[in-house]
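1. sequence first, predicted coordinates after that:
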Amino acid sequence: QVQLDESGGGLMQPGGSLSLSCAASGRIAKLYSMGWYRQAPGKQRELVATITSAGVTNYSDSVKGRFTISRYNHGNRMTLQMNSLKPEDTAVYYCNAVAREIAAQSDMDYWGKGTLVTVYA
């Protein structure tokens, strides 16, 4: 099994900053891309940002220039620095990873349980 543990959500006023972290653990043979997704109330889950094992990043247009995704600790930890927060950033943020478990035949998608970010005026 591969576990993804998120931390760092909370309350923030518009214009403020928050940082989210995700740590991958378990029987990991290879960790490929990792990313953050979010789901606002009544909406579908959407991509926020992704980062490959080589450090190539991709951002949704809605967060580009405000959010920064990073990986470190041999690629097993990921952060999302969120600046200039807006009320529309309010959502549950989920950590995602594409990984292969030790002795597994194929890669799989893994998800964390999510962490709530609330931006309020």
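-> Sure, I can see it. Numbers count the residues shown, from 1 in each chain.

2. measure the residue positioned nearest the centre of the chain to Met108 for me?
-> Centroid-nearest residue in the chain, with C-alpha atoms, centre = their mean: Trp36, separated by 2.5 Å. Separation of Trp36 from Met108 (C-beta to C-beta, to the nearest Å) stands at 18 Å. The way it works is simple: take the backbone N, C-alpha and C, and place the C-beta from them, glycine included.

3. now that we're looking at the residue nearest to the centre of the chain, what pLDDT does it have?
-> Trp36 carries a pLDDT value of 98.

4. average pLDDT for the helix or strand hosting Ala97, rounded please.
-> Per DSSP states H and E, Ala97 falls inside strand 91-101. For strand 91-101, mean pLDDT is 96.

5. touching the next helix or strand after that strand from outside, list them.
-> Sequence-wise, the next helix or strand downstream of strand 91-101 (DSSP H and E) is strand 108-111. Applying C-beta atoms under 8 Å, 6 or more residues apart in numbering, the external contacts of strand 108-111 come out as 2-4, 24, 94-101.

6. now the residues you listed in TSV, with distance to Leu116 and neighbour count?
-> Listed next are these as TSV, based on distance: C-beta to C-beta, whole Å; neighbours: other C-beta atoms under 10 Å:
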residue	distance to Leu116	neighbour count
Val2	23	21
Gln3	19	14
Leu4	16	20
Ala24	21	22
Tyr94	11	21
Cys95	13	25
Asn96	17	20
Ala97	20	24
Val98	24	18
Ala99	25	22
Arg100	30	17
Glu101	29	17
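
7. closest one of those to Ala121?
-> Taking C-beta to C-beta as the measure, Ala121 lies nearest Tyr94 of those, at 24.9 Å.

8. identify the bridge partners of that closest one.
-> Beta-bridge pairing for Tyr94 (DSSP bridges): Tyr37.

9. hang on, isn't it packed against Gly9?
-> No - checked against C-beta atoms under 8 Å, the pair Tyr94 and Gly9 is beyond contact range at 10.8 Å.

10. ok, the residue lying farthest from the centre of the chain to Ala24 distance?
-> Largest separation from the mean C-alpha position in the chain: Ala103, at 26.0 Å (C-alpha atoms, centre = their mean). According to C-beta to C-beta, Ala103 and Ala24 sit 17 Å apart.
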